[in-house]
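> Show me how the following folds:
(chains A, B, C and D)
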2 protein chains.
Amino acid sequence: MEFKEPETAEPAPCNCLALRQAARRVSQLYDFHLGAAGLRTTQYSILTKLKRLGPLSINELAKSMVMDRTTLGRAIRPLERDGLLKIGAGDDARTRRLGLTAVGQARLTIAADKWNDAQREFEQSFGKNDAATLRSALLRVTTLDFDGSHPA
Amino acid sequence: MEFKEPETAEPAPCNCLALRQAARRVSQLYDFHLGAAGLRTTQYSILTKLKRLGPLSINELAKSMVMDRTTLGRAIRPLERDGLLKIGAGDDARTRRLGLTAVGQARLTIAADKWNDAQREFEQSFGKNDAATLRSALLRVTTLDFDGSHPA
DNA sequence: TGACAATAGGCGCATATGCGCATATCCAGG
DNA sequence: CCTGGATATGCGCATATGCGCCTATTGTCA
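Predicted structure coming up:
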């Protein structure tokens, strides 16, 4: 058991940890608010994407969410179960077409209010401009190509 | 690349979504590298914290990781199973004391190399200075208090 | 000392996350 | 038409994530 010095003052220089911690923290805030509408943040994002981008295949939606195909494939199940979206046949016998239902639309309207509450609370604390700057940086992170061995 | 239409030029103004997407993306990069050492990023973080902060209780470690108590409580299980850390008795009959084992130390040494690869690759792509700035912003996010109804 | 708040954890439940492997289609050549 | 590669998805496995509810201990104070 060496004594290495507590090397304090070093707030975890790991970019990944910093991101995950912040994501956890903020997700809790948004989940707290969206919970009143019976949705998780991921679910809210999915429904929003569907509303904005119209019917999409699983692969398309997954890409637009920067999410693994299989992750999304399972994430939509509770949403279908609750009748918020429909999983129909696509142009192809392989593809499926995801579409928002009327119930989903209605739910989204309610949730949008709650989302606004969360968003407002976050930006009130963090700063509206800082938030915009942060989102911009995060967007760049999200679209990074890295070495090419693990592209987006 | 995909990203067909600028769709109203609004790149998801949701702070939470932006964070989660970036976290997913970067986690994949770090997981890819750390996988060679048989660790996930979260596991690497846990072991690193333990090494730096010495034996800790579950609650203490959870707080320092900005993670739910129960989440951590379960996350340490695979690590204990593989003999990387020990779960012993604390000062109290209630608390447990988590400590890194020799095996854990060794594994951490190997993983540190891989972590460096990931870190280097990320910063090469994103920019070293930008990364530092981003971490700083994320740290602030992590320690936000919000309304007080959902403190850190 | 005996009730009570506070503290430390565990467990069930439900979702989130993605890798590797397998299956069903579709498409472009031969 | 037949075959091989590309495409779209599913499933098993394992971890990650946190909420609500429950138990065990501990500290406190009348």
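> got the phi/psi numbers for the most centrally placed residue in chain A?
Centroid-nearest residue in chain A: A:T42, 4.5 Å away (criterion: C-alpha atoms, centre = their mean). Main-chain dihedrals, A:T42, degrees, to the nearest 10: phi -60, psi -40.
> who touches it in this structure?
A:T42 makes contacts with A:A75, B:R20, as judged by C-beta atoms under 8 Å, 6 or more residues apart in numbering or on different chains. No exception for glycine: its C-beta is placed from N, CA and C like everyone else's.
> gap between it and A:L79?
According to C-beta to C-beta, to the nearest Å, A:T42 stands 10 Å off from A:L79.
> The top helix by length along chain A packs against which elements?
Ranked by residue count under DSSP state H, the longest helix found in chain A is helix A:102-126. If you count contacts as 3 or more C-beta pairs under 8 Å, 6 or more residues apart in numbering or on different chains; DSSP states H and E, helix A:102-126 packs onto helix A:15-34, helix A:41-53, helix A:128-142, helix B:15-34.
> Tell me which of those helices sits nearest to DNA strand D.
Closest to DNA strand D of the helices and strands packed on helix A:102-126 is helix A:15-34 (C-beta to the nearest atom of the strand; 3.3 Å).
> For the closest one, the averaged confidence score.
Averaging pLDDT along helix A:15-34 gives 96.
> Is DNA strand C within reach of it?
No. On the criterion C-beta under 7 Å from any atom of the strand, helix A:15-34 is out of touch with DNA strand C, staying 7.8 Å away.
> just stretch A:70-89 next, same as before
Yes. Contact between stretch A:70-89 and DNA strand C, assessed by C-beta under 7 Å from any atom of the strand, occurs at A:T70, A:T71, A:R74, A:A75, A:P78, A:R81.
> possible to save those as a markdown table with pLDDT, secondary structure and neighbour count?
What follows is these, written out as a markdown table (pLDDT from 0 to 100; DSSP: H, G, I helix; E, B strand; the rest coil; neighbours: other C-beta atoms under 10 Å in any protein chain shown):
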| residue | pLDDT | secondary structure | neighbour count |
| --- | --- | --- | --- |
| A:T70 | 97 | helix | 10 |
| A:T71 | 97 | helix | 13 |
| A:R74 | 97 | helix | 9 |
| A:A75 | 97 | helix | 20 |
| A:P78 | 97 | helix | 12 |
| A:R81 | 96 | helix | 9 |
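> count of residues packed around the closest residue in space to A:R20 that isn't next to it in sequence?
Setting aside the residues directly before and after it, A:R20 is nearest to B:A23 in space (C-beta to C-beta, 6 or more residues apart in numbering or on different chains), at 5.2 Å. For B:A23, the neighbour count with other C-beta atoms under 10 Å in any protein chain shown is 27.
> Is it correct that A:G83 falls within a helix?
No. A:G83 is assigned coil when assessed by DSSP: H, G, I helix; E, B strand; the rest coil, not a helix.
> and the closest residue to it other than its chain neighbours, what does it touch?
Leaving aside its sequence neighbours, A:G83 sits nearest to A:V103 (C-beta to C-beta, 6+ apart; 4.8 Å). A:V103 sits next to A:D82, A:G83, A:L84 when contact means C-beta under 8 Å, 6+ apart.
> The second one: what's it in contact with?
A:G83 makes contacts with A:T101, A:V103, A:G104, as judged by C-beta under 8 Å, 6+ apart.
> Helix, strand, or coil at A:L98?
Under three-state DSSP, A:L98 falls in the strand class.
> Report the beta-bridge partners for it.
With DSSP bridges as the criterion, A:L98 is bridged to A:L56, A:I87.
> need the contact list for it.
Listed by C-beta under 8 Å, 6+ apart, the contact partners of A:L98 are A:L50, A:P55, A:L56, A:S57, A:I58, A:L61, A:I76, A:L85, A:K86, A:I87, A:G88.
> Report the buried residues of stretch A:124-133.
The neighbour-count check on stretch A:124-133 (16 or more other C-beta atoms under 10 Å in any protein chain shown) flags A:S125, A:F126, A:A131 as buried.
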